[in-house]
Each structure stands twice: as structure tokens, then as C-alpha cells.
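K.L.:
pasting a predicted model and its sequence here:
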Amino acid sequence: MLATLLASTPLVEESWKLCSQANREAQQSYIIKQFGGVCYVAFSGVQNLAGFDPNCSFLVPIHSNGLFSGLHQEQVEEDDDHVQGKAAMVHAGLLHLFLSFYNNPSFQSQIMEITSKSKSVVFSGHSVGGTIASLAALWLLSSLHLISSSLAVICITFGSPMLGNESLSKAILQERWGGNFLHVVGQHDIVPRLLFTPLPRLNPHLHHFFDFWQFSMASQFFKQHSVQFCDERAAADLFHVVLNSLEEQTRGIQNSPFWPFGSYIFCTGKGSISVDNAVSVVKLLYMMLGKSSPSSTIDDHLNYENYVSRISWQILSSNDFMEGDLPESSYEAGITLALQSSDIAPCEPVFGAAKDCLKMAKQMGRTPSLNCANLAIGLSKITPLRAQIEWYKATCDASDDQMGYYDSFKQRGASKKEFKVNMNRHKLARFWNDVISMLESNQLPHDFHKRLKWVNASHFYKLLVEPLDIAEYYKSGEHLRKGHYMSHGRPKRYKIFDKWWNDAEASANPGNSRSSFASLTQDSCFWARVEEARDCLNRVQREGDVRIQSLLLENINKFDQYAREMVDRKEVSIDVLAKNSSYKLFVEEWKKLKFQLQILPSHFPSFPDGEGSSSRAYIVGK
């Protein structure tokens, strides 16, 4: 698990040191420290809460301000009644706190400077500072997502409140960012559990506790003052209402709008447990709090110094087992050691539930890897289908009709060979759609989309099969009913595979120029662009509006330049240059039209041969 891995590195300890320093020396601010290629940004837990009423827990859409556009947004019903349940949302007051930092030009310039000179950025924060760190990490991940940066971003929080709803958690998982967040939680600390309690039931004097915590964090000697600031009756009231709310949450009696995301490390006096299954996190928050006393839930929010100092050597090992012989099964041994570290004894009523909870978390952790292994077997089984399509392409390219791969399939008859190729096309689409479905439902490892085996396999599939999908789209007349393929017909899987490949290319060294034509055209949508260009040619001859005609001619010219550049770089397959291919027909039709219209450079300044609008502009524009 990521939590276990991070706990064995200096990242957690260094992050806490800076959080503690920020609490004392950078109140209402943050500290930045650079250690080699790693830059730490620690937000103080001592913040101005004027814009954040702890008693206020209403949520707002995280996309409302446009800062998190790189974060996946679930499709939302237009009916306002459905928006609350489906949109990714965060605590309004916590978002307000983050925006108070973001709107400072100094903060933005510092972060941009960090990203330019660091290999990794670690955001961290204690208490409310942890939620600011989480939002800062989400903002930076969203920004880097749009430019395909390889910068590593990690967020480590200590005793942080919940931030957003289940849709936010799902969106983070769908972007494969769950592994970027680690939340350290004390066994008794009530702050990470607060927002599971409905607003009317929260203690009306909750702000007094935040005042106490913030005063204590800011003081060099807070341990000497802890008793005099603790109102035992208020603490007892708060403890019981939060415990009851968590119990109702775990039993399904109430559904809190807040939900955990990322990995969690639960710390006790006997050890540490790492969990990354959200349901198990909520259950452990409840069961561990059940062993607490009201005063310990308040004091434990200030106990992370002790927890962090022990985490690195408390990560589970068989030498820690203290209750008889360690079970022979490694699976049972892991569960037993985790139960021991949770400080839940076998004689306690919740022991059985805790054991089941940890088993579920462990099984959920193993399932993605098992699914990935099964998919690898499935990939090997569909390889013959792909090979048959490759053979079909080779026969088309060598055919005497000189139509090439794309046009041969588009104009195919009812032969058994082409029927089988079409069936293989459907079977491959089904396999890759299943891969995408499993990925989006978080049934695969968080780094699946970065594994070269799958990046390369999906890219090869896209280059080989998408031309057939385009051919079928235009053969069946779908473009007449829906519009052109790229805007109205391209399957989601290909767009996802584009992103995987582009992200991998961004971190790879640029390749050498080609000495021979590619085996597969490197733009899998090339034939869709040809179809659009030929459609523009037909429309130009019918169009009476000179302005629209000029725009059509400009689009045709842009594609012509783009295609010529691809041919010059040998990034097309030989089927593109086949005598009777659609592309060759386009070239001839374009020559005739230019002659008929007697196009002059002075009339069409963007048209001089070999110049004008770049192919890049064409790609972006389309």
C-alpha cells in the first residue's frame, strides 16, 4: 500500500516537522522548504477562521471557480434536485480558506517557481491546514493534468477534517489520484470525524475547541496549558454526538454528505494501520473512537508529534506480535497484526466487526492487481484477433485494386474474410470497453494507465482498428444522421487512449526521423480528416455565400498542408498513398477545384503552397 510505502520514507516525518514549524512560526500562512529535488509546502493549522464557521458544513461544487478543470466531472442531471448528489463538491468554508491563498499572486508565483525546479512537490498540513494542502494538491494536479507534466505531487495531512462528498472521492479515483493523498489520523482525534455529524447536532460551542487547538498549536509549550482550556462537559457532549453519528453512518441509518479519499494511516499507541478503502476508513473511524474518552478526543488532535515519531518503526512486522503464536497463513497474520495495532482487543464487542472490516480492506486492496493479471490473460487471448486484422491490412495494401486498407474495408462486400475482420473489430472493441469500464470503477491499479504494456497495447489497437471504425461510420451513413466522426461519432475509448499515449510521450525522449513509411498511420483519425476535407470540397462547389466558401477553402487548405507534412515525415502507412485511396482522390479533387476557382494568393492570403496556417492549428481547431 502507498501508506506503508510513504511511512517507510522520510516524507511523513519531514512533512510533520514543517507543519509543526508552520503552526508556531507561520500562522495563517505556509512554509516552503527545498530538499534536493523535493519541495515541501506546509500549511499552518492556525488559520483565520472568519470565513470558515466550523458549524457550517454546506457543500459547493468544486468546479464552480474553474480552478479544478482537470479533475474529472461526472455527468450531472440538468434538474437541480440531482446536482447536489452527483457533482463533485467540497466544504464551502474550507474552499474559501484555500482561495484566500490562491488569490494571492505571491502564492501562485511561488508554486510556479517550485514546479519548474523540482521533481516532486509535497503539500502538507495539520488540522484545517491539511484541507488547504489537499485543495492545493488537487489544484496543482488539475493544472499539471492539462499540460501532461511528469512532476510528482503528494499530499500528507495530519488530523485533517473531511473535505468533500463521495462524488469528489470518485472523481479523484477516476483521475488515478487516490495514491497521491495520505491522511494520518490519531486513534482518538475527533477532528477527522467531525463532519460526519449533521449540522444541527454539532456542539454549538465547537468554535471554542478550535480556539483551544489553534492556541495550543501556536504555543511552544502547549502541553503545559492543555488542561486549563478543556471544558469537560462540552467535550463529552461533542464526543457522544460524533460517536453516535459515526455509528449511524456505518449502520446505514444516515448518509453523511462527506466521504474520505486517498490512503489513511491510523495511529495508536500499539502501532499503525494503513487502509485505502473508503468504507473501511469510515468503519475504523467509528470503532477506534469507541475506545476513546471525551478528553482524549480533544487532546489527541495535538498528539501527532508522538505518533509520527513512531510510525516508521511501527509499520507492521511479525516481530510485533504479542498474543501467542503468529498464524501460519500470511493473510491471517496480516489481519491479526493489524488488529493488534488498532488497539482493539479480542474481548471487545467490536473486535469481530473490526476483523471483518480489515479483511474487506485487504481484499479490496488485492482485487485491482488480480483484475490486472486477469486482463493480461485476456489480452493474450485477443492477440490472434488483432493479428488477423494485421494480415487483412497487408493483403489490402498489396491488392491489385490499389485502394488500400481503409477504402477496401469501407467498400467491402459480403466475403467471409471481411465478415471475420468485422467480427474481430467488434470483439476487440468489447475487450477495450471493458478495460475502460473497470478503470473508471476503480477495479484496476491506480497506475494502470501509466504501465507501458497497456499504453503500448492500447495505442497499437487504436492505430490498427480505428480506421476500420471510421470506415464503418461513413459506409453506414452515420455522418449524415449524426455529423462527422471526430465531433459526433468517435468512441470514448480512443480519446482515453490518446491521453495515455500523449502522457507517456511527454516523459519520453523524442524519437528519430523515419527512413521508411510507418506500418500504421500515426494519426488514427487521419481518414476521418480526409472524409471531412472531401465533404468541404463538395460543399464549396454548392455554397453561394462567399464568406462561408472562404472558410471552407481555408479548412481544406489546412488539412492539405497537415497531410503533406505527415507524408513528408513518413508518418503515414503506404495505404494512404495507394493510387485509388480516398486521400489520393482528395488530392486530385483539390487540384481541380483550385484550378476551377483560379485561386490567387492575394485573394486567399492563407493559401500559399507550403505556408499559411500550421498543421498544429488544424489539429487543435478540429
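P.N.:
Received, thanks.
K.L.:
residue 409 contacts residue 417, correct?
P.N.:
No - the criterion here is C-beta atoms under 8 Å, and residue 409 misses it with residue 417 at 10.8 Å. Any C-beta I mention is one placed from the backbone N, CA and C, and that applies to glycine too.
K.L.:
give me the more crowded residue out of the two.
P.N.:
Between residue 409 and residue 417, counting by other C-beta atoms under 10 Å, residue 409 is the more crowded of the two (24 against 13).
K.L.:
that one: helix or strand, and which one exactly?
P.N.:
Assessed by DSSP states H and E, residue 409 sits inside helix 404-410.
K.L.:
avg pLDDT for that helix?
P.N.:
Averaging pLDDT along helix 404-410 gives 94.
K.L.:
name the SS class of the residue lying closest to residue 541 once chain neighbours are set aside, please.
P.N.:
Nearest residue to residue 541, sequence neighbours excluded (C-beta to C-beta, 6 or more residues apart in numbering): residue 593, at 7.2 Å. The three-state label given to residue 593 by DSSP: H, G, I helix; E, B strand; the rest coil is helix.
K.L.:
for residue 593, give me its contacts.
P.N.:
When contacts are counted by C-beta atoms under 8 Å, 6 or more residues apart in numbering, residue 593 touches 537, 540, 541.
K.L.:
inside helices: which ones of these?
P.N.:
When DSSP state H is applied, the contacts of residue 593 are split such that 537, 540, 541 fall in helices.
K.L.:
one step back: identify the contacts common to residue 409 and residue 417.
P.N.:
Shared contacts of residue 409 and residue 417 (C-beta under 8 Å, 6+ apart): residue 392.
K.L.:
for the stretch 501-622 of the chain, what spans make up the strands?
P.N.:
For the stretch 501-622 of the chain, strands defined by DSSP state E, counting those that start in this stretch do not occur.
K.L.:
mind listing the helices for it?
P.N.:
Remark: helices assigned in the stretch 501-622 of the chain by DSSP state H, counting those that start in this stretch are 526-542, 546-568, 582-597, 615-621.
K.L.:
just to revisit the earlier point, past the helix holding residue 409, which element shows up next along the chain?
P.N.:
Counting by DSSP H and E, what follows helix 404-410 is helix 416-440.
K.L.:
any idea how far the nearest residue to residue 418 once chain neighbours are set aside lies from residue 472?
P.N.:
Of all residues not flanking residue 418 in the chain, residue 412 sits nearest, at 4.2 Å (C-beta to C-beta, 6+ apart). Residue 412 sits 10 Å away from residue 472, going by C-beta to C-beta, to the nearest Å.
K.L.:
ok, residue 562 next?
P.N.:
24 Å.
K.L.:
neighbour count: those two, which is higher?
P.N.:
Set side by side, residue 562 and residue 472 show more neighbours around residue 562, with 22 against 18, by other C-beta under 10 Å.
K.L.:
need the pLDDT of the more buried one.
P.N.:
96.
K.L.:
before we move on, back to that, can you list phi and psi of the residue nearest to residue 418 for me?
P.N.:
phi -60, psi 160 (degrees, to the nearest 10).
K.L.:
mind listing the shared neighbours of residue 412 and residue 472?
P.N.:
Joint contacts of residue 412 and residue 472 (C-beta under 8 Å, 6+ apart) are residue 422.
K.L.:
where do the strands sit along the stretch 151-300 of the chain?
P.N.:
Going by DSSP E, counting those that start in this stretch, the stretch 151-300 of the chain shows strands at 152-158, 181-186, 263-268, 271-275.
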